[in-house]
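# For reference, the sequence and a predicted model appear below.
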Amino acid sequence: MRYSLFIAGTIALFIAGSIALLFSFGRAQFGSSPDVASLASDVHFAIGGHPIVIPVVALQRPAVVFDLGGRNAPDIRHELQAARDPSRPRKTEEIDLLIRQYQYTGEYTASVGICPLLSRKWSAALCRGQHHGLLARVPTSFSLIDRASAEILNHHGTVGGETVYDQIRNMTLRTGETEIGCDRQSRFCTAAVEALPGLLAVWSVWSDDTQGVTAEQMAKVQGAAIVQFVRQAIGPTEDPTLISVE
């Protein structure tokens, strides 16, 4: 799965497409209607030496995550099953996350059953529309990258025709400190923060003149939320108090 920067409308279309793909994935792999139990189940990754635990429904384009060899993988049930073993997390360089109201994945009547099956409080809260406090400050989509493999961002383009790697390559990237690199010919920027040593979070930010918010201000608010989210929500164990953090 590859991260890129989009104009606001393209971001919305991309997310909508990712949601549709998740729904199609559930239908194609598990029958004529989506298997909400599989979509709600946790998968385990190792990125930059850190274990990450997320439900399948929070993955953007899961088929690509598990197709690490570049081959076509119409049936990824085996890969999903392997990634469900917490004792053997699936090593990968990058995953893209969707932080959203999961009960609207696909058709509402088919996916509403996801909510009670989600194992962690943060995902269950978002699924039910409890999108407030810290969870509201986490961007809808962001990527987690192995810092040692950051050059893969050379393949991710920006609105201004640059690469994401060009925008982060000269960043200091101290743990917990958010930085941005901006396009020369657009108002869009790449934000990055080392959430844990060796684990980067990368996402897009922009200046919102209607709200009087600069790209740097947006990045700092979201970056601090991502760091807390990564450390307390999607590690080996969850801090159950996170959903009440304002």
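Nice, thanks for sending it over.
# Going along the chain, name the strands of the chain.
42-47, 50-55, 90-91, 94-98, 141-146, 179-182, 188-196, 199-206 (DSSP state E).
# closest one to Gly223 among these?
strand 188-196 (4.3 Å; C-beta to C-beta). Where you see a C-beta, it was placed from the backbone N, CA and C, and this is true even at glycine.
# and Ala37, how far is that from Pro55?
Counting by C-beta to C-beta, to the nearest Å, the gap from Ala37 to Pro55 is 11 Å.
# And these two? Which one has more around it.
Higher neighbour count among Ala37 and Pro55: Pro55, with 22 against 13, using other C-beta atoms under 10 Å.
# Dig out what the residue nearest to the spatial centre of the chain forms beta bridges with.
Central residue of the chain (C-alpha atoms, centre = their mean): Leu97, 1.5 Å from the mean position. Beta-bridge pairing for Leu97 (DSSP bridges): Leu59, Phe142.
# List the contacts of it.
54, 58-60, 141-144 (C-beta atoms under 8 Å, 6 or more residues apart in numbering).
# Nearest to Gln232 among those residues?
Ile54 (13.6 Å).
# Grab the nearest non-local neighbour of the closest one.
Ile234 (5.5 Å; C-beta to C-beta, 6 or more residues apart in numbering).
# what's the domain layout of the chain?
For the chain, automatic domain parsing gives the domain ranges 8-135, 142-244.
# mind checking how far the last one is from the chain centre?
Domain 142-244 sits 11 Å away from the centroid of its parent chain (C-alpha atoms, centre = their mean, to the nearest Å).
# Just the terminal-to-terminal distance for that domain.
One end of domain 142-244 to the other measures 22 Å (C-alpha to C-alpha, to the nearest Å).
# For that domain, give the mean pLDDT please.
When pLDDT is averaged along domain 142-244, the result is 92.
# Sort out which residues of stretch 210-227 are buried, please.
By neighbour count with 16 or more other C-beta atoms under 10 Å, stretch 210-227 contains the buried residues 214-216, 218-227.
# Of the residues you listed, which is the nearest to Leu126?
Relative to Leu126, the closest of those is Ala225; by C-beta to C-beta it sits at 13.2 Å.
# That closest one: what's it in contact with?
Counting by C-beta under 8 Å, 6+ apart, Ala225 makes contact with 134, 137-138.
# go again using 10 Å as the cut-off
99, 133-139, 245 (C-beta atoms under 10 Å, 6 or more residues apart in numbering).
# List only buried entries from these.
Neighbour counting with 16+ other C-beta under 10 Å marks 99, 134-135, 137-139 as buried within those.
# backbone phi and psi for the residue nearest to Arg184 when sequence neighbours are not counted, please?
Excluding its sequence neighbours, the residue lying closest to Arg184 (C-beta to C-beta, 6+ apart) is Gly160, at 5.9 Å. Backbone geometry at Gly160, expressed as degrees, to the nearest 10, gives phi -80, psi 10.
# What count of nearby residues applies to Thr241?
Thr241: 9 neighbours (other C-beta under 10 Å).
# should've said Phe188
21.
# ok, what's across the strand from it?
Trp206.
# mind starting the numbering at 512 from now?
Renumbered: residue one is now 512, and that last one reads Phe699.
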